[in-house]
Every structure is written in structure tokens, then in C-alpha cells.
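[1] Let me see the structure of the following:
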Amino acid sequence: MCFGFPEFIKREDVIINRRSEILPQDVLTICCTIRRNDGKDIEAGQFSALTDIKVTRRSFVWEIKDFSNLKTNKQMSVVVRSPSKEASIILKLFLFEVKYLEEVINITVCSSCEAIKLLTLTFSLIDVEGNNVECGKTELLSDQLKEGTILALQISKSEVMENKNYLMKDCLSLRCEYAFSTGSISEEIEKVLSFGADYRKEIIETEFKPKVLYDHDDLLDDLNSLYRDDTLSDMELRTETETFRVHTTILSARSEVFKAMFTTEMRETLNRHVYIPDVDNDTLRRMILYLYTDHLEDLEWESAYLLYAAADKYAIHSLKNKCSVFLRNAFSFSNACNILKLADSHGDEELKQAVQDYILANDEDVINSSEFELLINVNPKLAAETMHKGYKKGK
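    Got it, this is the predicted structure:
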């Protein structure tokens, strides 16, 4: 027989109304005391469990073309699908006329996917210099998604039109960052600590205070300092014009290629230096910094392009994936063909498919460009494959 409370706290209070108080660092901590109800003694003990709920996080750039001609009776829609195809979210952008004839930009968010328990969305305007200006944020529960919820962005059409930095060739670029949870558990850890009877009173009466086991930011700062200060380094990576002192243990833990270099009796390893002829100084610097800190600084599509190739060569899979995601959000008429060649040469089917879809969606601008003409000359098979894909879709 079980006794307890039918309801502890409302879900809306935890996730929305009192989030900062109840969910510090997005962690819910619950403390409870269990006793026998028959008066018999039991051995005192403390049990702790950690449940890590899987969260999918993605971002993309939504381009609203011919923005100046967008009217209140017209909607622009996009369907967002998760990588596993388990969930899809529909976004509909439209103008809503309020007092003084102000046309506010609104977005309807809806999904019929019952698996999504919570969805967070952040929208930012991207100006012509690539800066992000946050203009809307929301958190939606599953029932709100089924009904469809309207989010009013903190900017109107007239404000966008007045600030020409927000439009490039009459195209408004919105960065959409979203995260959702299906409630599935990716990891469970349970730890049992047993104590003698003398500790029973202390366990029951002592106030529970969650402890921070480590600070992730401090760890990254320390590793960054280890690299920057050149402390106890034992190897050099050399380009044509620069030398980078590194730690073999760090690089070996992050790259199977470096591990193979440093654990075999190669001439370079015995001389305590490795020559890196095919990576420029800036790309190598970014790659090393990532190996130490898992952090990327001030990426542009060109630097992400070069970093992607270096990450693939040195088997730094997480870096390659991050560069691939960045490039998928940075397609343009002028770089699409270069990214297509990159994806094809490195066997990245996901990136290749994404850039081909972009080219076909913007075929008049891309296929008629000098970049695509160059692609036809240097890789006619890839150009033909892309064109054939568009032909099959059009049938």
C-alpha cells in the first residue's frame, strides 16, 4: 500500500512561471524522505539518482524574400523536421495590423507530434554584417503546440523597412534556434550510500543542499590557459611560417590521427615536432583551440569551410559535425557551389543533400551564376547530378 501526495506542483509553474527558482541551470532537484509506517527500525541510507533527459537542439536561417511586398493576407510557411524525422514543427509568418496601422510580424507555431513535451524557440534578425538581434522567444508545452500558438515578434514591418541593415536585396533573414524534448531518457545513474543507525537523525534532519561537482566553464578556462601559457607542452605543430606548441595527451584524446602519430616511432614524433603543410595558420589555430576547449570563435563560412576539411583529415568528428551544421546555416548564392564540392569530396551526404536542395530552391540565381558555370567545368558529373535531382523533383 502506498501513501503520498496526488500532486506536488503544477507543470506550468516548474517550466514557465517559477522556472528561475525551481530549475536553476535547467536542473530539477527533488529531495524526499522515506519511512516505514509500522514503527520498525530500518537501516538508514541515502540514495541519489540522476536522470538526463534527451534534448534536441538545432538552428537554421529562414529567408523571407520580397519582404517589402509582404501583405497582411499572405503567409510564409516552413516545416522544420528533426534529424531523426521523429518530429516536425510548422512555422507560419504573417503580418498583423494593430493600431496606427502598424504591421507587427507574427509567427504561428504548431505541431501535431505528440512526442514533443516541451519546445523552446528563439528568433533573431540577421543584419547585413551577420550580427544577430534577438526579436522573439517562447516556450510551448505539447497542448499549446497542438492548438497552435502565435508569437508576436518585437519588431514591425515598418521598423525593418526603415533599418536597411536588416534587408539584403529585399530579403529578411531570421535565425531560428529551437530545442525540444520528447521526454526520452538518455542516461540514468543511481548511487547508493549506506550509513549506520547513528547517522539516521542527521540524514533526516539535515537540510538538503545540492552540490556543484564541477564548473564546466572553469574547466574550459583552465584548459585554454594550459594552451595559451605553453605550460608543460611536449610537441610542436609547424606550418610554413608558424609553430604551435601543444600537449600530446590532449591532442591524442581528441583525434585518432594525432594519437597514431604520437604513439608510433615516426621521425617527426621522435624529433618532437610535426609538420602540417596543408593547413593555414588561422585554421590550425582554430583547430587546436577547439581540441583544448571545444569552442569555436568568430566563424565565417570561409573559415568553417577550411576548418571542416582539416577536421575531416585529422578525424576530429565533433568539429567536422559542427562545421557542417554551421555551413548548412550559411548557404548563399555565391558559396553554394563551393560547399557542394566540399561535401561531395568528403562524402558528407547530409551536407551534400542540404546544399543541393538550396541550389534547386534558388535555381535561377545559383544555376545561372558564374560559380555554377565553374562547377560544370571542374566537376561536370556533380553538376549533372544536381540538375538531374531537380528534374526528378519537378516530374
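[2] Where does pLDDT dip in the stretch 51-200 of the chain?
    Along the stretch 51-200 of the chain, the parts satisfying pLDDT under 70 run over 82-87, 98-101, 184-200.
[3] Helices of that one, start to end?
    Assigned by DSSP state H, counting those that start in this stretch, the stretch 51-200 of the chain shows helices spanning 142-147, 157-162, 200-205.
[4] Same check on the stretch 251-395 of the chain?
    Counting by DSSP H, counting those that start in this stretch, the helices of the stretch 251-395 of the chain are 256-262, 267-270, 281-293, 301-313, 317-328, 336-345, 349-361, 363-366, 370-378, 380-394.
[5] between the ones you listed, which one is nearest to Val128?
    For Val128, the closest of those is helix 301-313, at 14.8 Å, according to C-beta to C-beta. Backbone N, C-alpha and C define where each C-beta goes, glycine included.
[6] what is the orientation angle of the closest one with helix 349-361?
    Angle of helix 301-313 versus helix 349-361, following axes from the mean of the first three to the mean of the last three C-alpha atoms, to 10 degrees, is 150 degrees.
[7] now for helix 301-313, which elements pack on it?
    Applying 3 or more C-beta pairs under 8 Å, 6 or more residues apart in numbering; DSSP states H and E, we find helix 301-313 packed against helix 281-293, helix 317-328, helix 336-345.
[8] Give me the contacts around that helix.
    Applying C-beta atoms under 8 Å, 6 or more residues apart in numbering, the external contacts of helix 301-313 come out as 257, 278-280, 282-284, 286-287, 296, 299, 316-317, 319-320, 323-324, 326-327, 330, 332, 335, 338-339, 342, 346.
[9] Please repeat the previous calculation with a cut-off of 7 Å.
    279-280, 282-283, 286-287, 319-320, 323-324, 326-327, 330, 335, 338-339, 342, 346 (C-beta atoms under 7 Å, 6 or more residues apart in numbering).
[10] try stretch 361-372
    Phe333, Ser334, Ala336, Cys337, Ile359, Ala383, Gly390.
[11] farthest-separated two in these?
    Ser334 and Gly390 (19.4 Å).
[12] so how many other residues sit close to Tyr290?
    20 (other C-beta atoms under 10 Å).
[13] which residue sits closest to it, ignoring its sequence neighbours?
    Distances taken as C-beta to C-beta, 6 or more residues apart in numbering place Leu319 nearest to Tyr290, at 5.3 Å, with adjacent residues excluded.
[14] just how off-centre is stretch 165-182 within its chain?
    14 Å (C-alpha atoms, centre = their mean, to the nearest Å).
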